[in-house]
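> Sequence and predicted structure, then a few things I'm wondering about:
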Amino acid sequence: MKAAAVALATLAGSIALALLAPQWLVFMAMVVLAKGIVVLGLLVLMRTGLVSFGQGLYFGIGAYAAALLSHRWHVSDAAAMMVAGAAAAGLVAAFLGLLLARYREIFFAMLSLAFSMILYGLLVKSAALGSTDGFNLHARSFFGIALTAGTERQVFLVAGSVCAVVAALLVHRLFGGHWGRLSTGVRDNELRVTYLGASPYRIVYVNYLIASALAGFGGALAALAVGHVDPEMAYWTISGEFVFIAILGGTQSILAPFAAAAIFETLRMIASQYAPNVWQMSLGLAMLAIIMFLPGGLWTLTQRWRRSA
Amino acid sequence: MSPVLSAQGLQKSFGAVSAAADVSLDFDADTVVSLIGANGAGKTTFLNMVTGYLRPDSGSIQFGGRELVGLSPRQITKLGISRSFQMPQLFNTMSVRENLLVAESIATADDPEAATDAALARFELERYAGQKAGVLPEGIRKLLDVAMALSSRSKLLLLDEPTSGVSADEKFAIMDVVMGAARAAGVTVIFVEHDMDIVARFAGRVVAFYDGGIIGDGLPDTVLRAEEVRRYVIGEEVPHATA
């Protein structure tokens, strides 16, 4: 009930934003949405006790899949691009997950980082994909409905919000029940999970698939927002950014990734506006403050307010 | 009646140490059997081979007509063999209720909530239901560990030192609860134990291990009085009969 109310409020907010906000804010909202979805996937992995430092891999795959659809096959439908982004990422994850699901802790984190850097290396070397420059994509319709010039981003924002809300609700539902407890069980004690008759490997694999498909979707959305893709989307700094946002928000709520992504982008905008040479340092200090004073993430603030109210 | 669990000619060595030297044991349904022996005698190795954690070098283990050697712990668990651990293996960040809910949800498709409530009552854990498993006293952790193992599909319950780490005055109370629950569930119980008072009180049959082999097998009264068992397992100074 509460979840449905929050979902409706979010959708209403994004529609209002799409209709009333200036272009730069619509663009920023799309980027926030894209990153929030990727971080939602990270939260899924974190439930099993795993941190991926390589979600840039699936973010990049999603973005390039969407862009290739437009660039190579002249498909200009945004809905197809979003589906392609999530599907391509899910497909690669179905393969890599077979290996990665065996690893834990730092080994999992480093291996996932390594795979993302392989993709980065391939993209940089690939002249056909524009090398370091990347290439543009053009989306002119949504579900077959042609979009008038200038309204594309508004439509994508609303469509992205709908998908994000649906994804968040599904994750919320899935992890509020048995699957959530099982995932926490894997994080707490794999031996016990095995001796209860369940497979930690399978649980990690499925969560990895979910996280990757979400990251691919986020990548496609980001590509639609920017209208351009380049290898930086798979670079390790972007993977680090996702982990940063996850820690910033905390893991207590499915809303936290989106709130944290919004705060992150705002912080970055302000920092690069007023301190262009030290914006990374500003973000670093913000992170330090979070870890020292709110180790559970910003979302713990809402719990404090609720308790004191 | 054919035995529930039948081990034949089990061999297992770790380097020069023989943890199982031709161990053959049959276990009948609805019995309570205690495995005793000094540290390193091969009791836990036996449990580990039955549950698939260790693969015997040779020999066979039959359970309900199925060969267990070569199966994974997960497959063996699914056949109805569950185990508790010497060090309780719990989900420390979850509540007692959630711990049991995970166990029951894996074991049964229908109504894990009801099964969980029943388990809470059977193991007298209701007043701890909301507490995190990580902060419980050791005796309660032990009970929860057994409660998680004994789910609705268990046929054979293996307990590895169910009373170790528990204060002397709590031991009997805990075993009373555990054995009561096992009896109610109609499972066969094999438990490893060092406390001979517990063994004498709860076991219907005792198997004594020494150096990877079996030196005594029978009713508690008989086995616990045997000279070799007293010397090598209980650690009493037993004068040699000829001396």
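On my side now, so go ahead. Numbers count the residues shown, from 1 in each chain, chains lettered A, B, ... in the order given.
> what about dumping the CA coordinates of stretch B:89-101 to PDB?
Listed next in PDB are the C-alpha coordinates belonging to stretch B:89-101 (Å, rounded to 0.1, in the frame of the first residue of the first chain):
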ATOM      1  CA  GLN B  89      25.800 -22.000  12.000                       C
ATOM      2  CA  LEU B  90      23.300 -19.300  12.100                       C
ATOM      3  CA  PHE B  91      22.300 -16.200  10.100                       C
ATOM      4  CA  ASN B  92      23.500 -13.700  12.700                       C
ATOM      5  CA  THR B  93      22.000 -10.600  11.300                       C
ATOM      6  CA  MET B  94      18.500 -12.100  11.100                       C
ATOM      7  CA  SER B  95      16.100 -12.700  13.900                       C
ATOM      8  CA  VAL B  96      15.400 -16.200  15.300                       C
ATOM      9  CA  ARG B  97      12.100 -16.300  13.500                       C
ATOM     10  CA  GLU B  98      13.700 -15.300  10.200                       C
ATOM     11  CA  ASN B  99      16.400 -17.900  10.700                       C
ATOM     12  CA  LEU B 100      13.700 -20.600  11.000                       C
ATOM     13  CA  LEU B 101      11.700 -19.100   8.200                       C
END
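> quick one: average pLDDT of that stretch?
The average pLDDT for stretch B:89-101 rounds to 91.
> That stretch near chain A anywhere?
Yes: Stretch B:89-101 lies within reach of chain A by C-beta under 8 Å from any C-beta of the partner chain, at B:Q89, B:L90, B:F91, B:N92, B:T93, B:M94, B:E98, B:L101. From N, CA and C alone the C-beta is placed, and that goes for glycine too.
> Skipping its backbone neighbours, what lies nearest the second one in space?
Distances taken as C-beta to C-beta, 6 or more residues apart in numbering or on different chains place B:A133 nearest to B:L90, at 4.1 Å, with adjacent residues excluded.
> hang on, the earlier thing: separate out the buried members of the residues of stretch B:89-101 next to chain A.
B:Q89, B:L90, B:F91, B:M94, B:E98, B:L101 (16 or more other C-beta atoms under 10 Å in any protein chain shown).
> Quick check, the fifth one in contact with A:G180.
Same thing as B:E98. No: using C-beta atoms under 8 Å, B:E98 makes no contact with A:G180, being 9.8 Å away.
> Mind jotting down where the helices sit in the chain?
Because you didn't say which chain, this covers chain A. In chain A, the helices defined using DSSP state H lie at A:2-20, A:23-47, A:56-71, A:78-100, A:105-125, A:152-176, A:178-188, A:190-195, A:200-226, A:236-249, A:256-274, A:279-293, A:299-308.
> meant chain B, my bad for not saying
Ranges of helices within chain B are B:43-50, B:73-79, B:96-107, B:112-122, B:138-149, B:168-185, B:196-202, B:220-225, B:227-229, based on DSSP H.
> residues of the third one that come out buried?
Along helix B:96-107, the positions that meet the burial threshold by neighbour count (16+ other C-beta under 10 Å) are B:V96, B:R97, B:E98, B:N99, B:L100, B:L101, B:V102, B:A103, B:E104, B:S105, B:I106, B:A107.
> Would you mind measuring from the third one to A:G296?
In this case it means B:E98. 19 Å (C-beta to C-beta, to the nearest Å).
> and if you look at the last one?
Plainly put, B:A107 is 33 Å away from A:G296 if you go by C-beta to C-beta.
> what's the nearest residue to A:D188 once chain neighbours are set aside sitting at in phi/psi?
Nearest residue to A:D188, sequence neighbours excluded (C-beta to C-beta, 6+ apart): B:F91, at 4.0 Å. Note on B:F91: its backbone torsions stand at phi -100, psi 90 [degrees, to the nearest 10].
> Name the residues of chain A found near chain B, please.
A:178, A:181-182, A:184-185, A:187-189, A:191-199.
> Tell me which residue lies nearest the centroid of the chain.
No chain specified, so I'll use chain A. The residue lying closest to the centre of chain A (C-alpha atoms, centre = their mean) is A:V38, at 1.0 Å.
> look at chain B instead
In chain B, the residue lying closest to the centroid (C-alpha atoms, centre = their mean) is B:L159, at 2.0 Å.
> Can you give me the pLDDT of A:Y208?
pLDDT, A:Y208: 95.
> Count the residues that sit near it.
By other C-beta atoms under 10 Å in any protein chain shown, the residues close to A:Y208 number 26.
> That concludes my questions; thank you for your assistance.
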